[in-house]
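Colleague: Sequence first, then the predicted structure, then my questions.
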Amino acid sequence: MQICKELAAKFEWLHAQHPNTMVGYLGIEYTEIDFDRLVATMPVDHRTKQPFGLLHGGASVALAESLASIGAWMNVDEKKFNVVGIEINANHIRAVQDGFVFGTAVPLHKGQRTHVWEVKITTQEDKLVCASRCTLAVVAKV
């Protein structure tokens, strides 16, 4: 895994939380973590397929929102703020039957109250599977 040194402790805490979450259940694994780029893999298997044997669009959206949410969270003071998704869209471009997909998230906007992240999900051959954009609210903890 490639991780920015400034984010190592924050990511270690987060990674410890994943086994009992959707991220853990879907087999999502982060491979690159930085302030302006996150990359993760997700298997296309019994956990992520729909009944017709193809990658479920909802699994793609779960990968996209996970990457966008973590990206925004990595950019705020987690002691003062939570980050929550308020809108996501996804265009499903290509069907995938097996193997892995790769999600790459980059910020389009990192404001004090909102973030907007673009996520592209591709095949192992770098073919576009899903293009997504996620808007997140930065909310003060009470």
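Modeller: Perfect, I can see it now.

Colleague: Need the three-state assignment for Thr41.
Modeller: strand (DSSP: H, G, I helix; E, B strand; the rest coil).

Colleague: Now do the contacts for Ile121.
Modeller: Neighbouring residues of Ile121 by C-beta atoms under 8 Å, 6 or more residues apart in numbering: Ser60, Leu63, Ala64, Val101, Phe102, Gly103, Thr104, Leu128, Val129, Cys130, Ala131, Ser132. Where C-beta positions appear, they are placed from N, C-alpha and C, glycine not excepted.

Colleague: thought Asn82 was touching Lys141?
Modeller: Yes: counting by C-beta atoms under 8 Å, Asn82 touches Lys141, with 6.0 Å between them.

Colleague: How about the longest helix along the chain, which residues are buried there?
Modeller: With secondary structure taken from DSSP state H, the chain has its longest helix at helix 57-74. Of the residues in helix 57-74, 59-74 count as buried by neighbour count, 16 or more other C-beta atoms under 10 Å.

Colleague: by contact count, what packs against that helix?
Modeller: In this structure, helix 57-74 packs against helix 8-17, helix 22-25, strand 29-34, strand 37-44, strand 81-92, strand 99-110, strand 114-122, strand 128-140, with contacts taken as 3 or more C-beta pairs under 8 Å, 6 or more residues apart in numbering; DSSP states H and E.

Colleague: which residues touch the residue positioned nearest the centre of the chain?
Modeller: Residue closest to the mean C-alpha point of the chain, counted by C-alpha atoms, centre = their mean, is Leu67 at 1.7 Å. Residues in contact with Leu67, defined by C-beta under 8 Å, 6+ apart, are Leu38, Ala40, Gly103, Thr104, Ala105, Trp117, Val119.
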